[in-house]
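Novice: quick one, structure for this:
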Amino acid sequence: MASQDQSMAALASEICAEICAVFSKPTGPHQAPLDLLVAELASVAARKGRVFLYGVGREGLMLKALCMRLAHLGLSAHLVFDMTTPPISSPDLLIASAGPGGFFTVDAICQIARSNGARVLLLTAQPETGTCVRHATAVAYVPAQTMADDEGDAADAGEKPRPLMPMGSLYEGAMFVLFELVVYKLGEVLGESHEAVRSRHTNLE
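Specialist: Modelled structure (predicted):
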């Protein structure tokens, strides 16, 4: 049992180290994603705007987690396509993710948000070549592997060791950690106590 626990801990450490390494990479000329996200969210909170979030697949799951915490921090936060999502307008902010650079749905939603006067903050690992950046007012560059540069090519899969984090897992893991950092820093900026944040959690569970 002890050896199994050590093996699990070793694998966990390797995965965490890969995610941590993402935050050591330079992001210039783009602003550091933590600073950018905190600034944009503090700004939308100050002007009483709403935050809308959208992503596909596992990226979307990470944004759902962020949406919940933003609501706990007292922001008006909404997931695109929820039944009760209000219309987006000029005081608002859309946070969208396109790790590999572009998805048809993300492109379309970012374009609609811009056409209605909202700011669009795009998270991506491909800020230079992606299609979604055309519609962004701010770009948060997360320098992590996605399916756009996945090394697990079927042609040489037998020649390389199986990766710990396949396809876009590194980008998605980095998103989760980044969002935890954002929640912590934004809570400081907004002056939100732990008690206030906890008081906004649902009591219907």
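
Novice: what about residue 102, is that helix, strand or coil?
Specialist: For residue 102, the assignment made with DSSP: H, G, I helix; E, B strand; the rest coil gives coil.

Novice: distance check, it against residue 64.
Specialist: The spacing between residue 102 and residue 64, counted by CB to CB, to the nearest Å, is 21 Å. C-beta here means a position set from N, CA and C on the backbone, and glycine is covered the same way.

Novice: quick one: which of these two has more around it?
Specialist: residue 102 (19 against 14; other CB atoms under 10 Å).

Novice: what sits closest to the residue positioned nearest the centre of the chain if chain neighbours are left out?
Specialist: Geometric centre of the chain, nearest residue: residue 175, 4.4 Å, by CA atoms, centre = their mean. Closest residue to residue 175 apart from its sequence neighbours, by CB to CB, 6 or more residues apart in numbering: residue 62 at 4.1 Å.

Novice: right, and residue 172 touches residue 97 too?
Specialist: No: Residue 172 is beyond contact range of residue 97, at 9.1 Å (criterion: CB atoms under 8 Å).

Novice: who touches both of these two?
Specialist: Residues touching both residue 172 and residue 97 by CB atoms under 8 Å, 6 or more residues apart in numbering: 59, 62.

Novice: could you pull out the strands for the chain?
Specialist: Along the chain, the stretches classed as strands by DSSP state E are 50-54, 76-79, 93-97, 119-124, 138-141.

Novice: please identify the deepest-packed of those strands.
Specialist: For the strands of the chain, average neighbour numbers computed from mean count of other CB atoms under 10 Å are highest in strand 93-97, which has a mean of 27.

Novice: just the CA atoms of stretch 103-118, as PDB, please.
Specialist: Taking Å, rounded to 0.1, in the frame of the first residue of the first chain, the C-alpha atoms of stretch 103-118 are listed here in PDB:
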ATOM      1  CA  PHE A 103     -13.500  27.300 -32.600                       C
ATOM      2  CA  PHE A 104     -16.500  28.300 -34.800                       C
ATOM      3  CA  THR A 105     -18.800  28.700 -31.800                       C
ATOM      4  CA  VAL A 106     -16.300  30.800 -29.800                       C
ATOM      5  CA  ASP A 107     -15.600  33.000 -32.900                       C
ATOM      6  CA  ALA A 108     -19.400  33.600 -33.300                       C
ATOM      7  CA  ILE A 109     -20.100  34.300 -29.700                       C
ATOM      8  CA  CYS A 110     -17.100  36.700 -29.400                       C
ATOM      9  CA  GLN A 111     -18.300  38.500 -32.500                       C
ATOM     10  CA  ILE A 112     -21.800  38.900 -31.200                       C
ATOM     11  CA  ALA A 113     -20.500  40.200 -27.800                       C
ATOM     12  CA  ARG A 114     -18.400  42.800 -29.600                       C
ATOM     13  CA  SER A 115     -21.200  43.800 -31.900                       C
ATOM     14  CA  ASN A 116     -23.300  44.600 -28.800                       C
ATOM     15  CA  GLY A 117     -20.700  46.800 -27.200                       C
ATOM     16  CA  ALA A 118     -19.300  44.300 -24.600                       C
END
